[in-house]
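Novice: structure for the following, please:
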Amino acid sequence: MPAPRATYRLQLHPGFGFADAIAAVPYLAELGISHLYLSPVRRAATTRAPRSRACSPSCSPAIRRVLALRAASPERFASPYRALAATGPHARRVFAFARGEDLVTVVPRLAVRAEAWRDTALALPAGRWRDALSGGDVDGGIQPVARLWRSWPIALLVRVAA
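Specialist: So this is what the prediction gives:
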């Protein structure tokens with residue numbers, strides 16, 4: 001077996017099973033993932049108290065905002081993934097995808113030597129977008145990734161106008 005170039009872990013659960021994992025393989029391969037790890041569904045022992053689905057007090061503000069968005073608009077998270085391509089000298093260090101037409105996620109990868117994301121940009125779908133983490137708005141079209149990550153090192157963009 002060849003050495004892994006890039007690995008990715010998928011967490012199996014009642015809402016994401018083997019069929020979902022298999023469906024994600026072409027997209028992950030397109031992103032350069034060479035090996036997948038599947039984590040099984042785990043259930044708490046019956047002697048433990050059930051965990052709340054809500055975020056614990058120790059959750060970061062970013063996680064709270066993402067969970068609130070998912071609770072308010074679960075349909076946005078149910079759409080298939082579609083890769084978005086960045087351009088510029090650090091394009092390979094940008095991991096971006098759309099979920100359906102109204103949700104875009106942009107995260108850095110291998111960011112240590114990214115030189116402030118100089119001249120690296122992402123083409124967002126048309127419309128007006130609001131970052132669920134910072135609350136800032138951005139227009140669709142070519143946007144510098146440094147602008148998208150001005151407040152947080154990741155962006156979760158929700159379409160607010162077509």
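Novice: okay, R159 and R128: tell me how far apart.
Specialist: Taking CB to CB, to the nearest Å as the measure, R159 falls 7 Å from R128. C-betas here are computed from N, CA, C, even on glycine.
Novice: so for these two, which sits in the more crowded spot?
Specialist: Taking neighbours as other CB atoms under 10 Å, R159 and R128 compare with R159 leading, 20 against 15.
Novice: identify the bridge partners of that one.
Specialist: W129 (DSSP bridges).
Novice: what separation is there between it and A83?
Specialist: Taking CB to CB, one finds R159 at 18 Å from A83.
Novice: ditto for R70
Specialist: Distance of R70 to A83, computed by CB to CB: 21 Å.
Novice: name the residue in these two with the higher neighbour count.
Specialist: Shown here are R70 and A83; by other CB under 10 Å, R70 has more neighbours (15 against 12).
Novice: confirm that one sits in a strand?
Specialist: No - assessed with DSSP: H, G, I helix; E, B strand; the rest coil, R70 is helix; it does not lie in a strand.
Novice: ok, and the closest non-adjacent residue to it?
Specialist: Excluding the flanking residues, the one nearest R70 by CB to CB, 6 or more residues apart in numbering is F77, at 5.4 Å.
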